[in-house]
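A.B. asks: got a sequence here, can you model it:
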Amino acid sequence: MNVLAIESSCDETAAAVIVDGRVPRSSVVASQVDLHARYGGVVPEVASRQHLRNVGPVIEQALADAGCTLAEIDAIAATRGPGLAGSLLVGYNAGKALAYGAGLPFLGVNHLEGHIYANWLVEGPEPVFPALCLVVSGGHTDLVFMRAHGQYERLGGTRDDAAGEAFDKAGRLLGLPFPGGPHIAREADQAASAPFELPRAWMHGTYDFSFSGLKTATLHTVERGQYGVSEIAFAFQEAVVDVLAGKTSRLARELGAKEVLVAGGVAANRRLREELRRRCPVPVRIPPPKFCTDNAAMIGAAANYHLALGETSPLDEDIFTTNNWARV
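C.D. replies: Residues are numbered from 1 along each chain as shown. Modelled structure (predicted):
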C-alpha cells in the first residue's frame, strides 16, 4: 500500500510516500525555524500563511523523490490534530482535496499517534506489544500504554509545560536561540558537571509531569548570576531527563511492558536516550532524529494500520486541536 501523507500541525510543512507503513520512499520537510526564530517561538498566523506557500511544492517534491505519480498512490492521509488550527487546516484540506480529486480513500491521523508510529520506520522487527510509549515533544508529554494497534490508555501527562516547551523557555532565559532544546544540549555538553542541582517535580502517586517549577528555579538561578550558561544548561537538562527516564522506567516495570517506545522531538536528545536505555528494564526503541521531529513519514506509517482495517475519514470531517487519545 502506497500512502501519500501530509503533516502541518505546527511550523513544519511535510509530505511523504510510505509503503506498507514501514518503508519511506520519500520524506520532505520544509522547516520554518528561521522564520520564527526572530520571535523566540512559533507565531500561529505566520505559520499558517507559510504552510499555504509550502504545501503544494512539498507534496510535488515528495512524489518526485518517491519516483511516482498520484496515479500510483493507494490512499492519502493528513494530520487532523492536535496542533495549531490554522496550520492543521492547510495540510488537512490539501489532503482531502487531493483524495476527492483522485477518488482515493482519505484518513485523518492523530499527530501523537503518528509520533509513536515513527518507531515502525526503523529497519528490523516491528515493535512488540504491550508497549509503554513516552511521547515527549514541544507541545506534549504523555505516558501511554499501547496494547495493540489502535488500543491506547493514557496513564500520565504534563500538568503545565511540556518538556519541549520547557526547553524552549529555559533556552530563552539563558539567551540561547530558538528552538531551545538543541542549544541547551550543546551547552550542557560543554560542562562536565554542574556544582548544583535544579529541583525535580516528582508528582508522587501519579505518572504526571510538571516542569513549570523547574522553569521558575532556572529563572532565579539566572538572575543570581552565580553560574555560567553551560552549568545551568547542564543542571536543567539533567532535571528534565531524570524525571522523564525515572517515571518511564518505573511504569514500564509495573506494567510488565515488553518494550518502551519513545516519540517526539525531545526524543532526539542524547542524554534522554542514554538514560532511558540505562534505566528501563526492557528494550527501548527510539526513531532516528529525522523521524523524531515533525514529519509526514510517521503520519503515513500510522495511517497504514488504520487503512488496512478498512478505516477512512469522511471528507466533511474537521480538524481537532486538543490532545484527545479517545479520538485516535
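
A.B. asks: got the domain ranges for the protein?
C.D. replies: 2-118+291-327, 128-286 (automatic domain parsing).

A.B. asks: how distant is the last one from the center of its chain?
C.D. replies: What that stands for is domain 128-286. Chain-centre distance of domain 128-286: 13 Å, with CA atoms, centre = their mean, to the nearest Å.

A.B. asks: ok, longest helix in this structure?
C.D. replies: Determined from DSSP state H, the single longest helix within the chain is helix 229-255.

A.B. asks: mind giving me the packing neighbours of that one?
C.D. replies: On a contact count with 3 or more CB pairs under 8 Å, 6 or more residues apart in numbering; DSSP states H and E, helix 229-255 meets strand 131-136, strand 141-148, strand 151-157, helix 163-173, helix 180-189, helix 212-224, strand 259-263, helix 270-279. For glycine as for every other residue, the C-beta is placed from the backbone atoms N, C-alpha and C.

A.B. asks: same list (the ones you listed) but as TSV, adding mean pLDDT.
C.D. replies: Formatted as TSV, these follow (pLDDT from 0 to 100):
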stretch	mean pLDDT
strand 131-136	98
strand 141-148	97
strand 151-157	96
helix 163-173	96
helix 180-189	96
helix 212-224	97
strand 259-263	98
helix 270-279	98
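
A.B. asks: can you give me the buried ones in the longest helix of the chain?
C.D. replies: By 16 or more other CB atoms under 10 Å, the buried positions in helix 229-255 come out as 229-245, 247-249, 251-252, 255.

A.B. asks: got it, and stretch 268-280?
C.D. replies: So for stretch 268-280, counting by 16+ other CB under 10 Å, buried means 268, 269, 271, 272, 273, 275, 276, 279, 280.

A.B. asks: next one: phi and psi at the last one?
C.D. replies: Note on residue 280: its backbone torsions stand at phi -70, psi 140 [degrees, to the nearest 10].

A.B. asks: now it. Nearest residue, chain neighbours left out?
C.D. replies: Closest residue to residue 280 apart from its sequence neighbours, by CB to CB, 6 or more residues apart in numbering: residue 249 at 4.6 Å.

A.B. asks: what sits up against the helix or strand of the chain with the lowest mean pLDDT?
C.D. replies: Within the chain, no helix or strand scores below helix 33-37, which has a mean of 90 by mean pLDDT, DSSP states H and E. For helix 33-37, the surrounding residues in contact (CB atoms under 8 Å, 6 or more residues apart in numbering) are 11, 42, 43, 46, 47, 50, 177, 178, 179.

A.B. asks: how close does the second one sit to residue 3?
C.D. replies: Separation of residue 42 from residue 3 (CB to CB, to the nearest Å): 27 Å.

A.B. asks: neighbour-wise, which of those two wins?
C.D. replies: residue 3 (29 against 20; other CB atoms under 10 Å).

A.B. asks: am I right that that one is in a strand?
C.D. replies: Yes. Under DSSP: H, G, I helix; E, B strand; the rest coil, residue 3 sits within a strand.
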